[in-house]
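Asker: only the shape, not the letters, is given here:
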């Protein structure tokens, strides 16, 4: 049985370029959130790590995937998407990236935690990709080359580990941009490796209702763009890592001064002068 002809680049370089730009943007914002998170020791660390998970998981990975998928076509067919599975794939990406962020965000910076978290993120990202592919509704059936699937998972693990390492080590906007560009290449490489693993055969796929990309996926990507803009605004008005450290130092010094004054106030006072003869 012959395979069905598919096109991954129906609009030329437009979709890969746009998907890469979105992936880099999500990675950049996520890494900037991590730099804020590691400067805090209280509940604000968790808040920034959660924002990082949304930035990387929803924008850097999920939105990148479906922007690239807008360029995927099969001649003579209209590809639909199962709505619950598509949304579930986005939530999966946010969840696994969040787990990885929290593992390293509250760890000791060791390699064991880093590799563990990177593996969790990588397997989860690959799971998101293949769940997103399973959400497609079309007349034909799909199968996957196991070697290329394994390679895509390996690329995802490397990308996840590199992103978490960068979150722990990278400082400064310039270095963050460089790390984001590298991560974007890895994420997009994983995506198109997974696409290369797919084989489409004539056959009956289970008849599940779905929505077209333009009626569902594209509006959801636009909504994520608004969320991403909100995260960017939160980063822009928040204190930098250096400012957070400076404020923490001032707070410690103030607490030390207050403690000294309190200790001096509680100390017994001895009268000076001559005693009685």
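Answerer: Ah, there it is. Computed from a predicted structure; not experimentally measured.
Asker: so for this structure, the centremost residue is which one?
Answerer: Closest residue to the average C-alpha location of the chain: residue 56 at 1.8 Å, with CA atoms, centre = their mean.
Asker: show me the contacts for it.
Answerer: 26, 27, 30, 97, 101, 163 (CB atoms under 8 Å, 6 or more residues apart in numbering). In short, each C-beta sits where N, CA and C put it, glycine included.
Asker: the first one touches residue 65, doesn't it?
Answerer: So that's residue 26. No. Using CB atoms under 8 Å, residue 26 is not in contact with residue 65, being 11.2 Å away.
Asker: who has more neighbours out of these two?
Answerer: residue 26 (30 against 27; other CB atoms under 10 Å).
Asker: ok, the contacts of residue 56 vs residue 43, which is closest?
Answerer: Lowest distance from residue 43 to the contacts of residue 56 (CB to CB) belongs to residue 101, with 15.0 Å.
Asker: now the closest one. Nearest residue, chain neighbours left out?
Answerer: residue 49 (4.6 Å; CB to CB, 6 or more residues apart in numbering).
Asker: please compute how far the host helix or strand of that neighbour lies from its chain's middle.
Answerer: Residue 49 is part of helix 43-53, with elements assigned from DSSP states H and E. Its chain's C-alpha centre and that of helix 43-53 lie 12 Å apart, by CA atoms, centre = their mean, to the nearest Å.
Asker: in it, what counts as buried?
Answerer: 45, 46, 48, 49, 50, 51, 52, 53 (16 or more other CB atoms under 10 Å).
Asker: got the contact list for that helix?
Answerer: By CB under 8 Å, 6+ apart, helix 43-53 touches 29-31, 33-34, 36-38, 40, 94-95, 97-98, 101-102, 105-106, 167, 231, 234.
Asker: now for the helix or strand following that helix, which elements pack on it?
Answerer: Per DSSP H and E, the first helix or strand lying C-terminal to helix 43-53 is helix 64-69. Judged by 3 or more CB pairs under 8 Å, 6 or more residues apart in numbering; DSSP states H and E, helix 64-69 is in contact with helix 14-37, helix 111-134, helix 173-197, helix 218-237.
Asker: what helices or strands is the longest one leaning on?
Answerer: Here helix 173-197 touches helix 14-37, helix 64-69, helix 111-134, helix 146-169, going by 3+ CB pairs under 8 Å, 6+ apart.
Asker: repeat that with 10 Å
Answerer: If contacts are counted by 3 or more CB pairs under 10 Å, 6 or more residues apart in numbering; DSSP states H and E, helix 173-197 sits against helix 14-37, helix 64-69, helix 111-134, strand 141-144, helix 146-169.
Asker: wait, which of those is closest to residue 238?
Answerer: The nearest among those, by CB to CB, is helix 14-37 at 5.9 Å.
Asker: quick check: mean pLDDT of that closest one?
Answerer: Helix 14-37 comes out with an average pLDDT of 89.
Asker: now do the closest residue to residue 116 other than its chain neighbours: how many residues are near it, please.
Answerer: Take residue 116 and drop its neighbours on the chain: the residue closest to it by CB to CB, 6+ apart is residue 103, 6.5 Å away. Counted with other CB under 10 Å, residues neighbouring residue 103 total 17.
Asker: residues of the helix or strand containing residue 88 that come out buried?
Answerer: Per DSSP H and E, residue 88 falls inside helix 83-105. For helix 83-105, the neighbour count (16+ other CB under 10 Å) marks 83, 85-86, 89-90, 92-94, 96-98, 100-105 as buried.
Asker: same check, this time on stretch 180-193
Answerer: Buried residues in stretch 180-193, counted by 16+ other CB under 10 Å: 180, 182, 183, 184, 186, 187, 188, 189, 190, 191, 192, 193.
Asker: also stretch 131-138?
Answerer: Result for stretch 131-138 [16+ other CB under 10 Å]: buried residues 131, 132, 133, 135, 136, 137, 138.
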